[in-house]
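> sequence? don't have it. structure:
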């Protein structure tokens, strides 16, 4: 039951708010099992049920802590903590690069102002997607190491690859879209999963300030350090 509870609490943390059927689909458990777990978790003060036009469940502060504790105990039980920490340290620079990639994809800087990217500059867009192409193999290496340490991480590689394949196929909305799955969406959940397992806070991570990588309208790169996959 603790394993099932850890799974439900994790999926609820990744979604912030979800209905019972969404949680059942994401965990692969029967709806009746998920409902029973949620009712018990609610009585323990771990989750709250929101009613209204859109009904569903959300974590309480106690539920967030309980979920972290269950995941941490699971990692320690199998002796995977050191491997997860090592993979997390490899994840951080990739995370900074992906955030930059997604920001570059969504906005451009013109005369010092950030404006939405209309994707008229094909050279600029191609350069951004090339950076994603260099990042993706490194991301899969990190996910593979995490999956070896804890099976819960095993699904992220397939999700990232599916999104990347769609982007390569010209469906570039799969990079950053907020509805359905996307590269950024799967990445965000992977990040949150790592933070939950390790008991860390996103707000305490150091994230480099955003700087554009391609000067709008020129195709020329802005001077910057080496990107992921670049040779120093």
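That came through fine. Since this is a predicted model, take the numbers as computed values, not measurements. Numbers count the residues shown, from 1 in each chain.

> measure residue 55 to residue 202 for me?
With distances taken as CB to CB, to the nearest Å, residue 55 is found 28 Å from residue 202. From N, CA and C alone the C-beta is placed, and that goes for glycine too.

> same question but for residue 193, I mixed them up
From residue 193 to residue 202 the distance is 12 Å (CB to CB).

> more neighbours, the two?
Legend: neighbour count by other CB atoms under 10 Å for residue 193 and residue 202, higher for residue 193 (20 against 11).

> Do I have it right that the more buried one meets residue 14?
Yes - the criterion here is CB atoms under 8 Å, and residue 193 meets it with residue 14 at 6.8 Å.

> Show me where the protein has its strands.
Ranges of strands in the chain, per DSSP state E, are 47-50, 56-59, 107-110, 113-116.

> Quick one: list the elements packing against the third one.
Helices and strands touching strand 107-110, by 3 or more CB pairs under 8 Å, 6 or more residues apart in numbering; DSSP states H and E, are strand 113-116.

> which strands and helices sit next to the strand it packs on?
For strand 113-116, the packing partners by 3+ CB pairs under 8 Å, 6+ apart are strand 107-110.

> list the buried ones in the helix ranked longest in the chain?
In the chain, with assignment by DSSP state H, the single longest helix is helix 122-149. Using 16 or more other CB atoms under 10 Å as the test for burial, helix 122-149 gives 124-125, 127-129, 131-132, 135-136, 138-140, 142-143, 145-147, 149.

> now what about stretch 136-147, what contacts it?
83-84, 86-87, 90-91, 94, 98, 153-154, 156-157, 160-161, 164, 187, 190, 194, 228-229 (CB atoms under 8 Å, 6 or more residues apart in numbering).

> Kindly report the same for stretch 196-203.
10, 13, 67-68, 71-72, 75, 84-85, 88, 150, 191-192, 194-195.

> Next up, the contacts around residue 116.
Here residue 116 is in contact with 106-108 (criterion: CB under 8 Å, 6+ apart).

> just those residues now: which is nearest residue 176?
Comparing these against residue 176 with CB to CB places residue 106 closest, at 6.1 Å.

> Can you check the pLDDT for the closest one?
Reading off the confidence values, residue 106 has pLDDT 94.

> Can you report how many residues lie near it?
14.

> That one against residue 176, yeah?
Yes - shown here, residue 106 and residue 176 form a contact pair, counting by CB under 8 Å, at 6.1 Å.

> rewinding a little: average model confidence for the longest helix of the chain?
Per-residue scores along helix 122-149 average to 95.

> and the gap between residue 181 and residue 172?
14 Å.

> tell me the contacts of the nearest residue to residue 78 once chain neighbours are set aside?
Nearest residue to residue 78, sequence neighbours excluded (CB to CB, 6 or more residues apart in numbering): residue 150, at 6.9 Å. By CB under 8 Å, 6+ apart, residue 150 lies in contact with 74-75, 78, 80, 84, 197.

> ok, so what distance separates residue 150 from residue 135?
In terms of CB to CB, residue 150 sits 22 Å off from residue 135.

> Same question for residue 24.
33 Å.

> and this protein, what are its domains?
2-77, 81-204 (automatic domain parsing).

> Which stretches in the chain count as helices?
All helices of the chain, identified by DSSP H, fall at 2-15, 20-27, 31-43, 61-77, 81-106, 122-149, 156-168, 183-198.

> tell me the angle of the third one relative to helix 20-27?
Compare the direction of helix 31-43 with that of helix 20-27 by axes from the mean of the first three to the mean of the last three CA atoms, to 10 degrees and you get 110 degrees.
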